[in-house]
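Novice: generate a structure from the sequence data that follows.
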Amino acid sequence: SATDVEDGLISPSATSNTVVANTPGTYEVIWSATDSDEDTGTATRVVTVVDTTAPVVTVPADIVVEANTATGSIVTFTPTATDVSDSAPVITAIPASGTFFNIGTHTVSVTATDASGNTSVASTFTVTVTDQRYLWSTLAGTPDVPNTEGFATPQGVAVDTAGIVYVADTLNHVIRKISPTGEVSLLAGGPISGSADGSGVAAQFDSPYGLIVDPAGNVYVADTSNHNIRKITPEGVVTTVAGLAGAFGDLDGTGTSARFFQPTGLALDSAGNLLVADYGNHRIRKIDLTTGAVITLAGSSQGYSEGTGTDAQFDGPFNLAINDDDEFFVADSNNSLIRKVTAAGVVTTHAGTGEYGSDDGDISMATFGSPTGIAVDSSGNLFVTDYSGDVIRKISPFGVVTTIGGLFEIPGHR
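Specialist: Residues are numbered from 1 along each chain as shown. Below is the predicted model:
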């Protein structure tokens, strides 16, 4: 307002620098008033517009994508933000768009900051990366027809660098080969159980289970009912590595002086030592293939406990797989667990609660039936055959268990 000695109250007007309400800044406004005698007075005022309102963030709906690698997928998304004064507030998403998300469910937090430094409250959405869908097919054999192509309750399998699959044809007491095209041939053994060393069909096995192939193409066999470990050269020559046919026990020793009780699973560490799941003894044994010396790496009596060496307990360790760090994982079948054992023999529980079941999820909450087979891929994923559950499970390196094949306790061959 303005006052004049003659005219009294006069309405002033702004003559410059109109204030823009939604544009922060400092404005110098000049006001003027003119009386009836045409005399004009002016006054200057500084107006500061301050933005105290944070941007408003809009996030995408929850995202679900299928992994395009063995462990996860890159996921992109576009959150938006609006602001009363800033047309392009800075948007921050944690994790950012374009990040590699591991298999599982992840929460993304999004904020926006305007030019005045106002930051919004975080808005969230989830990104769920589901496991890859696996295509299952039959390489060899015919369901429900024993002995077709030579199979009768096949158990262990192993693959060499050429893609040849070796099969422990358990109730036929032979070891067979399957070419990448599905052609089946005999490597060693005959249709009658026995324990003879020899070449090809002259050799004998008794219900062999586990297999492993070394880099030179030698196949090692857990000859379960003979309670010993055998070796087959690429030419089919069979010899006994450790243990004595028909003599079971738990003695450490060298070669045939050592004793096993129903060994079922095998693995090779980076030093070339052979690891044995000694099922009936509830132990993990190690064989130095250079000397033939057998020691007990972990386990003692039947049960469940964590610990080092013989302080640990298993209940029917059926098979094992080893990763690039020489840590190996044991299918502890009767405990319904997957155990981890270091090269020093330290045993911990890797996955499962010990309860019988089929729950997927975090390794600390997932459940298994009777895990018997286990393998590890180059990405660190574990694949587990759940014998009593009739399913195939996958354990990611990030501790997530998923079912990738079969329906729990519903057998079949589709």
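
Novice: quick check: Gly309 touching Ile295?
Specialist: No. Taking contacts as CB atoms under 8 Å, Gly309 lies outside contact range of Ile295: 9.8 Å. No exception for glycine: its C-beta is placed from N, CA and C like everyone else's.

Novice: who has more neighbours, these two?
Specialist: Between Gly309 and Ile295, counted using other CB atoms under 10 Å, the more crowded position is Gly309 (17 against 14).

Novice: which stretches in the stretch 101-250 of the chain count as helices?
Specialist: Per DSSP state H, counting those that start in this stretch, the stretch 101-250 of the chain carries no helices over any range.

Novice: quick one: least confident helix or strand in the protein?
Specialist: Least confident helix or strand, the chain: strand 13-14 with a mean of 70, by mean pLDDT, DSSP states H and E.

Novice: what does whichever helix or strand comes after that strand rub up against?
Specialist: Following strand 13-14 in sequence order, the next helix or strand is strand 25-34 (DSSP states H and E). With CB atoms under 8 Å, 6 or more residues apart in numbering as the test, strand 25-34 has contacts from 2, 4, 10-20, 40-49.

Novice: poorly predicted segments of the stretch 101-250 of the chain, please.
Specialist: Within the stretch 101-250 of the chain, the stretches with pLDDT under 70 are 144-150.

Novice: circling back to that earlier point, give me the buried subset of the contacts of strand 25-34.
Specialist: Buried by 16 or more other CB atoms under 10 Å: Ala2, out of those.

Novice: next, count neighbours for Val401.
Specialist: 24.

Novice: how about the one 10 residues further on?
Specialist: Here the count is done by other CB under 10 Å, and Pro411 has 8 residues near it.

Novice: name the nearest residue to it, sequence neighbours excluded.
Specialist: Distances taken as CB to CB, 6 or more residues apart in numbering place Asp390 nearest to Pro411, at 4.8 Å, with adjacent residues excluded.

Novice: OK, contacts around that neighbour?
Specialist: Contacts of Asp390 (CB under 8 Å, 6+ apart): 406-412.

Novice: wait, which of those is closest to Leu320?
Specialist: Within the contacts of Asp390, the smallest distance to Leu320 is 21.9 Å, found for Gly406 (CB to CB).

Novice: mind checking how far the closest one is from Ile103?
Specialist: Gly406 sits 19 Å away from Ile103, going by CB to CB, to the nearest Å.

Novice: which of those two has more neighbours?
Specialist: Ile103 (24 against 19).

Novice: now do the contacts for Val330.
Specialist: Val330 touches 277, 284, 314, 317, 319-320, 338-341, 374, counting by CB under 8 Å, 6+ apart.

Novice: what's the answer for Leu266, then?
Specialist: Per CB under 8 Å, 6+ apart, neighbours of Leu266: 156, 210-212, 220-222, 229, 274-277, 320.

Novice: for Asn334, which three-state class applies?
Specialist: Under DSSP: H, G, I helix; E, B strand; the rest coil, Asn334 falls in the helix class.
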